[in-house]
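Undergrad: return a 3D structure for these sequence lines:
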Amino acid sequence: MVLQSAWQSSETYTFVDTLSPAQLAWEWLRRNEAYRQDFAILRAAAGAEEETLAALMRARWGLRFPDRPHT
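TA: Numbering: from 1, shown residues only. Below is the predicted model:
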């Protein structure tokens, strides 16, 4: 059985070569399914309170600020 690659063209990811460590960490984190789920759950728990959401994400993920895990 031949496995077919699900990867896109490597040219799509050339921008990664210029990222700072923090930017690279964010690129990984925003694609992390556990982070995406936590963000949705904690955002619902925090309601419209950005400070509450920031505190919850900081405690859970060690972040200085939460960000929406959009793609």
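
Undergrad: so where's the chain uncertain?
TA: 1-7, 64-71 (pLDDT under 70).

Undergrad: show the backbone phi and psi for the residue at minimal distance from the centre of it.
TA: Nearest residue to the geometric centre of the chain (C-alpha atoms, centre = their mean): Arg30, 1.4 Å. Main-chain dihedrals, Arg30, degrees, to the nearest 10: phi -70, psi -20.

Undergrad: Leu29 too?
TA: Per degrees, to the nearest 10, the backbone of Leu29 is at phi -60, psi -40.

Undergrad: before we move on, what about Gly47?
TA: According to degrees, to the nearest 10, Gly47 has phi 70, psi -130.

Undergrad: gap between the lengthiest helix in the chain and the chain center?
TA: In the chain, with assignment by DSSP state H, the single longest helix is helix 33-46. Its chain's average C-alpha position is 11 Å from that of helix 33-46, according to C-alpha atoms, centre = their mean, to the nearest Å.

Undergrad: extract the CA atoms of that helix and return them as CSV.
TA: Output of helix 33-46 as CSV, limited to C-alpha atoms (Å, rounded to 0.1, in the frame of the first residue of the first chain):
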residue,chain,number,x,y,z
GLU,A,33,-6.6,21.0,18.8
ALA,A,34,-6.4,21.0,22.6
TYR,A,35,-5.7,24.8,22.6
ARG,A,36,-8.6,25.4,20.1
GLN,A,37,-11.0,23.5,22.3
ASP,A,38,-9.8,25.2,25.5
PHE,A,39,-10.1,28.6,23.9
ALA,A,40,-13.7,28.0,22.9
ILE,A,41,-14.6,26.6,26.3
LEU,A,42,-12.8,29.3,28.3
ARG,A,43,-14.1,32.1,26.1
ALA,A,44,-17.7,30.9,26.7
ALA,A,45,-16.9,30.7,30.5
ALA,A,46,-15.4,34.2,30.5
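
Undergrad: now do the very next helix or strand once past it: which elements does it pack against?
TA: Moving toward the C-terminus from helix 33-46, the next helix or strand (DSSP states H and E) is helix 50-61. In terms of contacts (3 or more C-beta pairs under 8 Å, 6 or more residues apart in numbering; DSSP states H and E), helix 50-61 is packed against helix 33-46. From N, CA and C alone the C-beta is placed, and that goes for glycine too.
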